[in-house]
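Student: sequence and computational prediction follow.
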Amino acid sequence: MADLTISLKHLVKKFGNQTVLKDINLDVHTHEIVGLIGPSGAGKSTVIKTALGMEVADGGSAKVFGTTMPNRELLANIGYMAQTDALYYDLSGKENLKFFAVMKGLTKDETSKEIDHVAKVVDLTQDLNKRVSGYSGGMMRRLSLAIALLGKPKLLILDEPTVGIDPALRRQIWKELQNIRDEGRSILITTHVMDEAELTDKVALLLDGKVMAFDKPDVLKMQYEVDSIEDVFLKAEGDL
Ligand SMILES: Nc1ncnc2c1ncn2[C@@H]1O[C@H](COP(=O)(O)OP(=O)(O)OP(=O)(O)O)[C@@H](O)[C@H]1O
């Protein structure tokens with residue numbers, strides 16, 4: 001049975017006199033990949049940060065696993081990948097992965113197995129012993145994603161994980177995300193790549209501080225009478 005992993009109800013978030021989130025309602029369940037799309041500056045990262053308790057809501061409620069975040073114990077069940085990479089540049093990719101594996105409480109055995117696996121998923125196996133300071137931007141994104149995947153978290157929250165990643169690898173990463181979903185875990189993902197939004201189970205369209213539409217990609221395309229999520233996006237914005 002699908003359980004609720006994220007529940008946002010009438011969420012409001014202001015920065016000074018700018019109300020970025022006016023009334024956000026969004027549920028994510030186990031066995032589900034939910035895509036969050038919307039124009040730049042619409043508040044996608046703010047939704048994520050408020051759900052995680054990194055920003056304090058000004059109204060409504062944000063619960064993860066039924067609890068208001070932040071909650072240290074629950075953090076162990078969440079793999080979060082932010083838009084900016086939080087990596088140790090003087091360490092190698094492998095040393096970064098080992099550090100975060102320790103933070104996540106993995107055993108030595110689990111650590112080496114998981115590092116092998118997540119490095120393969122993001123195609124960094126050959127570069128694991130290089131220092132991160134010598135990585136390209138795309139490699140750093142890939143390492144951040146690998147770190148988020150470590151420890152098989154029940155919930156993955158990924159803020160634009162595939163920026164700077166080429167199409168073949170993007171496809172491989174999506175395969176892994178779908179495997180994770182099939183294992184009964186859940187994923188909230190923001191993206192600017194509309195082809196990726198087509199691969200989600202449900203798409204939430206964030207516009208004007210609200211979730212304007214939230215449904216399966218095929219249902220949204222039917223509702224908006226268009227052939228792609230990109231056109232749903234454009235039509236909702238009034239550009240089509
Ligand atoms: N800490 C902050 N202080 C003040 N304003 C902020 C802060 N964080 C975000 N904002 C503002 O809130 C709005 C939404 O930002 P956010 O980063 O959530 O958008 P986004 O949809 O994720 O954008 P993008 O797609 O470009 O990443 C923007 O106008 C941004 O300037």
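Tutor: Thanks, I have the structure now.

Student: max-length helix in this structure?
Tutor: In the chain, taking DSSP state H as the definition, the longest helix is helix 167-182.

Student: could you list the paired strands of the helix or strand just after it along with their orientation?
Tutor: Downstream of helix 167-182, the first helix or strand assigned by DSSP states H and E is strand 186-190. According to DSSP bridges, strand 186-190 forms sheet pairs with strand 32-37 (parallel), strand 155-159 (parallel).

Student: could I get those strands as CSV with mean neighbour count and distance to A76?
Tutor: Yep, even glycine has a C-beta here, placed from its N, CA and C like the rest. CSV is the format used below for those (neighbours: other CB atoms under 10 Å; distance: least, CB to CB, whole Å):
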stretch, mean neighbour count, distance to A76
strand 32-37, 24, 21
strand 155-159, 24, 11
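
Student: and those strands: which comes nearest the ligand?
Tutor: Each of the strands paired with strand 186-190 has some distance to the ligand by CB to the nearest ligand atom; the shortest is strand 155-159, at 7.2 Å.

Student: who's in contact with the closest one?
Tutor: Under the contact criterion CB atoms under 8 Å, 6 or more residues apart in numbering, strand 155-159 has outside partners 5-6, 28, 44-45, 48, 51-52, 64-65, 77-83, 145, 148-149, 177, 180, 185-190.

Student: so for the longest helix of the chain, what's the average pLDDT?
Tutor: Helix 167-182 shows a mean pLDDT of 95.

Student: and stretch 98-112, by the same measure?
Tutor: Averaged across stretch 98-112, pLDDT comes to 94.

Student: how far does it sit from its chain's centre?
Tutor: Remark: stretch 98-112 is offset 22 Å from the chain centroid, using CA atoms, centre = their mean, to the nearest Å.

Student: which one, of the strands paired with strand 186-190, ends up nearest to E73?
Tutor: Comparison of the strands paired with strand 186-190 against E73 by CB to CB identifies strand 155-159 as nearest, at 13.4 Å.

Student: anything in the closest one near the ligand?
Tutor: No - against the ligand, strand 155-159 shows no contacts by CB under 6 Å from any ligand atom, the least distance being 7.2 Å.

Student: picking up where we left off before, if we check the ligand, which of the contacts of strand 155-159 are in contact?
Tutor: Within the contacts of strand 155-159, those near the ligand by CB under 6 Å from any ligand atom are K44, S45.

Student: buried only: go through the contacts of strand 155-159 for me.
Tutor: Buried subset of these (neighbour count, 16 or more other CB atoms under 10 Å): 5-6, 28, 44-45, 48, 51-52, 64-65, 77-82, 145, 148-149, 177, 180, 185-190.

Student: just the ones in helices from those residues, please.
Tutor: Short answer: the buried ones among the contacts of strand 155-159 in helices (DSSP H) are K44, S45, I48, A51, L145, A148, L149, L177, I180.

Student: nearest residue to the fourth one in space, please, no chain neighbours.
Tutor: Taking CB to CB, 6 or more residues apart in numbering as the measure, A51 lies nearest to A62, with 4.8 Å between them; neighbours along the chain are not counted.

Student: okay, buried residues for the lowest-mean-pLDDT helix or strand in the chain please.
Tutor: Sorted by mean pLDDT, DSSP states H and E, the helices and strands of the chain end with helix 72-75, the least confident at a mean of 84. Applying a neighbour-count criterion of 16+ other CB under 10 Å, one finds L74, L75 buried in helix 72-75.

Student: relative to T107, how far out is the most centrally placed residue in the chain?
Tutor: Centroid check for the chain by CA atoms, centre = their mean gives L158 as the closest residue, at 1.7 Å. As for L158, its distance to T107 is 25 Å (criterion: CB to CB, to the nearest Å).
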